[in-house]
Structure formats: structure tokens, C-alpha cells
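Chemist: just the structure for this:
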Amino acid sequence: MKDNININEKVTLEELDLPKDLKKLSLNQCAGLCKEIRNILISTVSATGGHLASNLGAVELTMAIHRNFNSPEDKIVWDVGHQAYTHKILTGRLDSFSTLRQEGGISGFPKPEESPHDTFISGHSSTSVSVACGIAEAMELQGKDNYAVAVIGDGAMTGGMFYEAMNNCGRGLQRNLIVILNDNNMSISKSVGSLSKYLTSLRNTEKYLSTKRAVERGLGMIPLVGNSVAKGIKNVKDSVKSNILEQSTMFEDMGFIYLGPVNGHNLSELEEVMHMAKSYHEPVFIHVKTVKGKGYAPAEQNPGEYHGISKFDIATGNPEVSAADSYSTVFGKELVRLAEKDEKICAITAAMKYGTGLQFFHFKYPERFFDVGIAEQHAVTFAGGLASMGMLPVFAVYSTFLQRAYDQLVHDIAIGGLHIVLGIDRAGIVGEDGETHQGLLDVPMLTTIPNTVIYSPSCYSEMKMCMKKALYSETGLAAVRYPRGSEEMSFSKYHLTTEHLYIREENSDILIITYGRLYNEAYKAQQLLKSDGINCDILKLTKIYPLESDLGEEISRYHTIVFFEESMGEGSISEKIGDVLAELGYRGDYSRVTANGFVKQASVMSCLEKLGLTSEKMAEYIRGRRK
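Modeler: All right, here's what the predicted structure looks like:
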């Protein structure tokens, strides 16, 4: 930490008391820090995995925000939260940044319990303006003169919640509300639709703001009359702007003052526009242009691949783990194979073409592929529209993001008896992305919807079988859920099924029930227990819901039944089986091992171990039930 900073000296991050010392630095010193930050981002994410491209593009923007606002008194709300890595570095977490997304380390998303500078948790997109609007309103009520700043980007403007918030916030009630769009012309998959075209037109109007800044600077230098002339010009600015822009921005139509677009990698321009925005004391929308992946050539060239990435080699940019070996890729390629024989099959993604493996479908059948942006609600109802015309829509979506479309699944699909298929990716534990991204709620959510069928395969081959069943044997809402990563098969290929299967030992009065990838762990646990002289059977479910009517009678003969489930316990399949056993008057020992509460970031296996869902923990638990 430096008491006196010489603006002509080179400084490093570790010397500074952050973020307050940033205001003491020259723009050249800040530019040097931006280079240092990019090196830290690349070296850290290469070791821990994480969201790289979006953070590389937001370095100067974040620097300018912290130089022009006073966090944590001014509230900075990040949307989506994965672009806040530089924010973490600049708010006292430099020393711990190497623990990013690691067990016991710092989160990959803003987390208020981690730092007072993290205003609001934000693992999902399109929420920041609503949050900032509420904060600004609270500041008004509390008589505070601080600012609420929403930083939105990375495709989040394709989410409908953004427009709901803008419509509500632009009434002029929130004096110190500023919305900053980090426009990098990319979402997770490239931006699509009318909004992208609209922003492209705005990107070509930089002459408006540059002309305005030049005029205001010139007038400010004229003694006595300068301010009066400036006020006169402000009164006619709308007509001047219309001549230059040849259009009114939709943000102004919503009640915001629009400033931009400005170069998001030019600190001088950024600071000037933020200073201007603060002076209005009205809702302001700042349009900032950035380059996703800025400063690291592989990320600039392939920003979609470097959005969220596993460990990789810095020199080559090559990921450590091949994406070819994953449930997502196998799902995507199998869907292409099925679509070759059926022209009714359509594929839908909510800005996650690469994440869900649908890039193969897009390449082969672009006319039947639909990227709707970060708009899961629209995706489901859009699928319903396709289904109503006899098409076979498949919506591939992460479990955590499917939560956003519950109402549409109920009202627009299930009630009307429409047939769509959900490919629920990242079901169960996802690991390092933590609480906001664990896929532990899709089963409790979907089982509340009548006439819904859920498959949970245990390997690639079984997933392909389930996809075909979901498409052609079901008539309503059908889901195939599968985990992040690659398959593990200790069990025999003869264990494959789309219904349920018993794996029996001789003279066993113990039954393990499970489904999905946990079957592999249960199978290994069965072998561990057998070596201890403890025989137990396994009931492997694949079609996990609805439960077969005679299942309770089949399992009630066992003295000890344990259900291991990679789901939240409330509303789970294991809870429903417990209800069935209770109705039958079962008097044996029935217990459940599930998640109960939000699961923090750690590796997948560490999370599973803590939940008691690894083979060793399963065997240990069953030994304990026999005592």
C-alpha cells in the first residue's frame, strides 16, 4: 500500500489499497493495471476454469466504474455475474483470486456474504436492472444520495425481465439509477434477432456522442455566456440528435437518457461518459462497446468457446478436457442423427448452442434450429407453438436455467397436452459454479406438473435410448436429464434400460435405489459391500417419473431400503417412494440420502462426497444402517 502515489511511477495491484487508491492514479497507470489484470485473469482461469472471454472484455469498464463510483456506498449490480472477475480483483480479493471457483475459495459470481462490494448475488441473467431499480428506490426512501449502477451485457438484454424493469424504472422516480450496457456483440452464443440488429445500428452512431462532448467542452470554455448557450442547446438537443442519429433510441422511449456508444477499452472516454451520467440525476443508459476476449488471441477469435471453459494451456489455448467426450456433445450428435430421419424434429436453445451441443444441429439443419437468446420462458412457449402445428421441438437447456420457465411449462405445455422434449443438461451437481448453477431442482419442479415424464439415463447409450422414447413413445411433456461431463461405466452394458432394472445378489434384504450417473457409484458400492460379506440389491430407475404403480409392492419385501438421489430432497423421487411405502404400511427401514439446501462450489466429486453420494460413502452409510 502506498501513502503517496507518484502519478509518473509504475504501480502494481499489490501496492494499492483497492479500490480507493484507483482514484489517485493517472490514466497511464490505470492502463498498466489493466494489462496486469488481464494476465491474472488468463493465468488464473487457465488453472481453475471459469468465464474468461467476457471478463477480458470488461477490464477497462470495471476500472472506470470503480474510479467514478464509490463502492460499496454506491451499489454496483453485475448482470450476469460471471463478468465480475475484475471487480473482485479491484475490491480486496487479489490475494485470494487464485482460489476462484475452488472449494473454500471465492465464488465465480458476485456473492454478498463474500464482500460488501458484491451488492447482489447474480448467477442468472437479465436481473440487474430490476435489482438496481429496487436499490435506487430504497435510497430515495432512506434519503441517500448514492448511485445504483446496473452493469448488463453478454446477451442479458435478450431476456424479457430486462424490458419489464426498464419500463418500470424509466418513469424518472429513481434519480441516481445508471444502467451500463457492456455490448460485445456476443452473448454465450452469438446474439440473434431484432435486438442484435438494433444495437448494430446504434454502434454506427458514435459521431453523435463525440460531437456532443466536443460542443459541451468548447462551450464550457467561453466566459460568462458559455453556460447559458449550453442550456439553450440542451433545449433543442432532441432535434439535433434526430438529424445525426436519424432515430430515437428505444431506451429514451422508455424514459432513460441515452449516452453512447463509447469505446469500452478507452478509459478517457469511459470516465467522461460516466461523469456525464452522474450529473443528470435521472435514469441514464450508457452504451459501451467492448471486445469479448480482449487481449488474448484465442478468446478473441473464439469467444463462444472461451465463455465458460475448463482448464486450458495458455500457450496453445487448448482446453485440458476434450469437449467431444461429454453428455452434451453426445446428445447434440444423436439429435442430428434422429433428425436425419424425421423432418419434424426442431432444436431450440436459449443462447447456449455450444454449451448444450446443438452446434452440430445448427450446422446440419439451420432451418430447424432456433436460438431465441437468453429467454427460457419464450423458448418453452415457442416450442409449444411448434408442437401445436405437429412439429417435434427439443429444447436443450441447463437444469438451473429451466427453473426460469416453470409457468410456461405448466400453462403453455402441460395443460394443453402438447408434446415437447426437454434435454435437461447439467442435471445434478455441476461443481465449481456453485449454488446458482447446481441442477438440483428440476426433478422437484417437474414432478409437480401433471402428465410429465422424466428419464434419467446412466450412460451415453442409455441417453440415446431415452431420447428416442421421449420423442416417440410419449405424448406430453417429456424430459431427458443428464449430468455435466462424461460418462463413467463400471457396470455392464447389459444393465441398460429405459424403465427400471434390478441388479440382485443372493439372499439380500437390503435394497439400494438410485438413478442417473449415481447408478455407477451404487454399483461400485455394491461390490465394496459384497467384499465385506454384505449382500445388497440395486433398483436402477431410468424412467424416474411417474412411478410405476406396482413399484411399492415390489420393494416392500426388503428390510432395509436406501434411496441415493442427486436432487434436492423436498419433492424428490425418493420422497415420493417414501410416501408410497407409508401408504402400504411398510414397517422396514427406509431412508434417503439427498441434497438438502444449496450446495457451494467445489469439484463435482467433492460435492457428491459431502452429500454422501459417492460409492465409498454409500457403502459406509449402509454399514451404519446394519448396526
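
Chemist: identify the residues contacting the nearest residue to Ser603 once chain neighbours are set aside.
Modeler: Once its chain neighbours are removed from consideration, Ser603 has its nearest residue in Gly431; the separation is 5.4 Å (CB to CB, 6 or more residues apart in numbering). (C-beta placed from N, C-alpha, C; glycine too.) Residues near Gly431 by CB atoms under 8 Å, 6 or more residues apart in numbering: Arg484, Gln601, Ala602, Ser603, Val604, Cys607.

Chemist: top of those residues by number of neighbours, please.
Modeler: When neighbours are counted by other CB atoms under 10 Å, Gln601 leads the contacts of Gly431 with 27 neighbours.

Chemist: check for me that it belongs to a helix.
Modeler: No. Secondary structure of Gln601, determined by DSSP: H, G, I helix; E, B strand; the rest coil: coil, with no helix assignment.

Chemist: state the distance from it to Ala58.
Modeler: Separation of Gln601 from Ala58 (CB to CB, to the nearest Å): 21 Å.

Chemist: quickly find the element holding Glu609.
Modeler: If you go by DSSP states H and E, Glu609 is part of helix 604-611.

Chemist: in the helix or strand just after that helix, which residues are buried?
Modeler: Going down the chain from helix 604-611, the next helix or strand is helix 615-625, by DSSP H and E. Applying a neighbour-count criterion of 16 or more other CB atoms under 10 Å, one finds Ser615, Lys617, Met618, Ala619, Tyr621, Ile622 buried in helix 615-625.

Chemist: list the contacts for the second one?
Modeler: For Lys617, the residues meeting the contact criterion (CB under 8 Å, 6+ apart) are Leu608, Glu609.

Chemist: ok, back up a step: would you list the contacts of Gly431 in JSON lines and tack on pLDDT and distance to Asn146?
Modeler: Putting the contacts of Gly431 into JSON lines (pLDDT from 0 to 100; distance: CB to CB, whole Å) gives the following:
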{"residue": "Arg484", "pLDDT": "94", "distance to Asn146": "40"}
{"residue": "Gln601", "pLDDT": "92", "distance to Asn146": "31"}
{"residue": "Ala602", "pLDDT": "93", "distance to Asn146": "36"}
{"residue": "Ser603", "pLDDT": "93", "distance to Asn146": "39"}
{"residue": "Val604", "pLDDT": "95", "distance to Asn146": "40"}
{"residue": "Cys607", "pLDDT": "96", "distance to Asn146": "38"}
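
Chemist: name the nearest of those relative to Lys543.
Modeler: Within the contacts of Gly431, the smallest distance to Lys543 is 21.8 Å, found for Arg484 (CB to CB).

Chemist: quick one: the closest one and Leu611, what's the gap?
Modeler: For Arg484, the distance to Leu611 under the criterion CB to CB works out to 16 Å.

Chemist: and Ala31, by the same measure?
Modeler: Ala31 sits 46 Å away from Leu611 when distances are taken as CB to CB.

Chemist: quick one: low-confidence ranges for the protein?
Modeler: Counting by pLDDT under 70, the ranges of the chain that qualify are 1-3, 154, 171-174, 186-248, 299-323, 627.

Chemist: outline the domain layout of it.
Modeler: For the chain, the domain assignment from automatic domain parsing gives the residue ranges 13-298, 327-481, 499-625.

Chemist: in JSON lines: the ones you listed, plus distance to Ser490.
Modeler: Compiled in JSON lines, the domains of the chain are given as follows (distance: least, CB to CB, whole Å):
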{"stretch": "domain 13-298", "distance to Ser490": "25"}
{"stretch": "domain 327-481", "distance to Ser490": "10"}
{"stretch": "domain 499-625", "distance to Ser490": "5"}
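
Chemist: and those: which comes nearest Ile5?
Modeler: With CB to CB, the closest approach to Ile5 among the domains of the chain belongs to domain 13-298: 4.8 Å.

Chemist: start to end distance for the closest one?
Modeler: For domain 13-298, the first and last residues are 26 Å from each other (CA to CA, to the nearest Å).

Chemist: same question, stretch 510-519
Modeler: With CA to CA applied, stretch 510-519 spans 16 Å between its terminal residues.
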